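A.B. asks: can't give you the sequence, but here's the structure:
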């Protein structure tokens, strides 16, 4: 556990270490090209690819075919 100093501020040496780290690193798998929606459906759904069609409802992503 890190013991904070100076009224709960992050110690200078730790802050220097944090400042040298990259902001974020992401892993994005290659998309396999496959079936596509028709242009009309794609405009309605917001994506051309059915596998990326994940409707957002409130705090969760709704699975296809389920309510």
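C.D. replies: In hand now; what should we look at? None of the values given here were measured: they were computed from a predicted structure.
A.B. asks: Considering helices and strands only, name the one in the chain with the lowest mean pLDDT.
C.D. replies: strand 60-61 (a mean of 64; mean pLDDT, DSSP states H and E).
A.B. asks: And residue 15, how far from residue 47?
C.D. replies: 41 Å (C-beta to C-beta, to the nearest Å). Where you see a C-beta, it was placed from the backbone N, CA and C, and this is true even at glycine.
A.B. asks: does residue 49 really touch residue 41, like I thought?
C.D. replies: No. Using C-beta atoms under 8 Å as the test, residue 49 is too far from residue 41 to be in contact (11.0 Å).
A.B. asks: Residues touching stretch 37-52, excluding its own?
C.D. replies: Contacts to stretch 37-52, defined as C-beta atoms under 8 Å, 6 or more residues apart in numbering, come from residues 31, 34, 35, 36, 53.
A.B. asks: Give me the lowest-pLDDT entry from those.
C.D. replies: On pLDDT alone, residue 31 ranks lowest of the contacts of stretch 37-52, at 81.
A.B. asks: For this protein, which segments count as helices?
C.D. replies: 12-19, 39-45 (DSSP state H).
A.B. asks: So which of these is the most surrounded?
C.D. replies: helix 39-45 (a mean of 11; mean count of other C-beta atoms under 10 Å).
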